[in-house]
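>>> What would the 3D arrangement of this be:
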Amino acid sequence: MIAMNHTFRVFDHSVSPLTSDALLPFAFEELLCRAIGDGEQASIHFWRHSHACILGMRDRQLPYAQEGIAALQARGYQVAVRHSGGAAVPLDQGVLNFSIVLPMRVGQLSFQEDFERMAQVIMQAASSFAGLPAVDVGEVEGSYCPGGFDLSVGGRKFAGISQRRQTKAHIVHAFILISGDAIARAQAVREYYDLASKDTFMDYPKVDPKTMVSLAEHDASVTVEGFKQALLGAFSIADIHTSWHYEATQLNQMQEILRQRYDHNETEKV
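As a prediction, this is how the structure comes out:
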């Protein structure tokens, strides 16, 4: 068990992939993070979406972002902009989203330790599947949503970590590619950047689809449910909830706040 110094409650919305607004889980976590900052119990959140592409704020600021968004929508993706760090991530039923929501520690200035612990939890879960190669941590050049805590097997990325900070609490989030066509997902992201940037001088991820992999490509026994249970083995769990914990009006209001605050492109002409 990876020591977290907390007993966690679990909110599990992963059993069926969401088909509703892709901002719903982010609105839920924003409300949950506020509550934990005010003294509620540390929590874990699992969720999936049937077909969405979640952009980072910098992705939305590319000069031709609307063209890229239109191409994603033509592929059937819902498109939303998240408030946490990172870049574009495509989601489907084979992608497990996993968040740890924690109160801010007194005097906490660096979040390196929380990123390291998240990576350790995912590595521990992966080690329970005999057919998976050893997991490496470090940026995978050419991957989508690249970062220093990319997790890879055989040199190809299957998970990435980001975070969202509030004043009194924070969220450490990971997307984990469990099954499905990782290369096709990456091709959709690359098309977005090709259209949204048109080779401008602006910095954006240069995606090589061959750098991404789903874990089931290495071990067919890896499933969303199995990997989720392996992740839970790293924690001390108080209870598990399948409800959204907040009233629909609260969630809807927060979704609209997030959409208005983050889903805009200052370069677009009105």
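>>> C-alpha from now on. contacts and neighbour counts both.
OK.
>>> Check which element follows the host helix or strand of residue 230 along the chain.
In the assignment (DSSP states H and E), residue 230 maps to helix 224-232. Proceeding C-terminally, helix 224-232 gives way to strand 237-241 as the next helix or strand, assigned by DSSP H and E.
>>> which residues touch stretch 195-208?
59, 62-69, 87, 142-146, 186-187, 189-190, 193 (Cα atoms under 8 Å, 6 or more residues apart in numbering).
>>> Oops, could you answer that again for stretch 236-251 instead?
Against stretch 236-251 from outside (Cα under 8 Å, 6+ apart): 6, 7, 8, 9, 10, 11, 12, 13, 24, 27, 28.
>>> Equivalent analysis for stretch 210-229, please.
Here stretch 210-229 makes contact (Cα under 8 Å, 6+ apart) with 15, 94-96, 125-126, 129-133, 140-143, 155-158, 177-183, 186.
>>> mind saving the C-alpha coords of the host helix or strand of residue 35 as CSV?
Take DSSP H and E as the rule and residue 35 turns out to sit in helix 24-37. What follows is helix 24-37 as a C-alpha-only set of coordinates in CSV (Å, rounded to 0.1, in the frame of the first residue of the first chain):
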residue,chain,number,x,y,z
LEU,A,24,-19.7,17.0,-15.7
PRO,A,25,-16.8,15.1,-14.0
PHE,A,26,-14.7,18.3,-13.9
ALA,A,27,-17.6,20.2,-12.4
PHE,A,28,-18.0,17.4,-9.8
GLU,A,29,-14.3,17.4,-8.9
GLU,A,30,-14.3,21.2,-8.6
LEU,A,31,-17.1,21.1,-6.1
LEU,A,32,-15.5,18.1,-4.3
CYS,A,33,-12.2,19.9,-4.1
ARG,A,34,-13.8,22.9,-2.5
ALA,A,35,-15.6,20.6,0.0
ILE,A,36,-12.4,18.8,0.9
GLY,A,37,-10.6,22.2,1.4
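>>> average model confidence for that helix?
For helix 24-37, mean pLDDT is 97.
>>> okay, residue 45: pLDDT?
As predicted, residue 45 sits at a pLDDT of 98.
>>> Equivalent analysis for residue 265, please.
So residue 265 comes in at 76 (pLDDT).
>>> Confirm that residue 68 sits in a helix.
Yes. Residue 68 forms part of a helix when assessed by DSSP: H, G, I helix; E, B strand; the rest coil.
>>> which secondary structure element contains the closest residue to it other than its chain neighbours?
Leaving aside its sequence neighbours, residue 68 sits nearest to residue 192 (Cα to Cα, 6 or more residues apart in numbering; 4.3 Å). Secondary structure assigned from DSSP H and E places residue 192 in helix 182-197.
>>> Can I get that helix in PDB? Just the C-alpha atoms.
Extracted in PDB, the C-alpha atoms of helix 182-197 (Å, rounded to 0.1, in the frame of the first residue of the first chain):
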ATOM      1  CA  ALA A 182      -4.300   4.100 -29.000                       C
ATOM      2  CA  ILE A 183      -2.900   5.100 -32.400                       C
ATOM      3  CA  ALA A 184      -6.300   6.100 -33.700                       C
ATOM      4  CA  ARG A 185      -6.800   8.300 -30.600                       C
ATOM      5  CA  ALA A 186      -3.500  10.000 -31.200                       C
ATOM      6  CA  GLN A 187      -4.200  10.500 -34.900                       C
ATOM      7  CA  ALA A 188      -7.300  12.500 -33.900                       C
ATOM      8  CA  VAL A 189      -5.200  14.700 -31.600                       C
ATOM      9  CA  ARG A 190      -2.600  15.200 -34.200                       C
ATOM     10  CA  GLU A 191      -5.300  16.300 -36.700                       C
ATOM     11  CA  TYR A 192      -6.600  18.800 -34.200                       C
ATOM     12  CA  TYR A 193      -3.100  20.400 -33.800                       C
ATOM     13  CA  ASP A 194      -2.500  20.400 -37.500                       C
ATOM     14  CA  LEU A 195      -5.700  22.300 -38.200                       C
ATOM     15  CA  ALA A 196      -5.600  24.500 -35.100                       C
ATOM     16  CA  SER A 197      -2.000  25.600 -35.500                       C
END
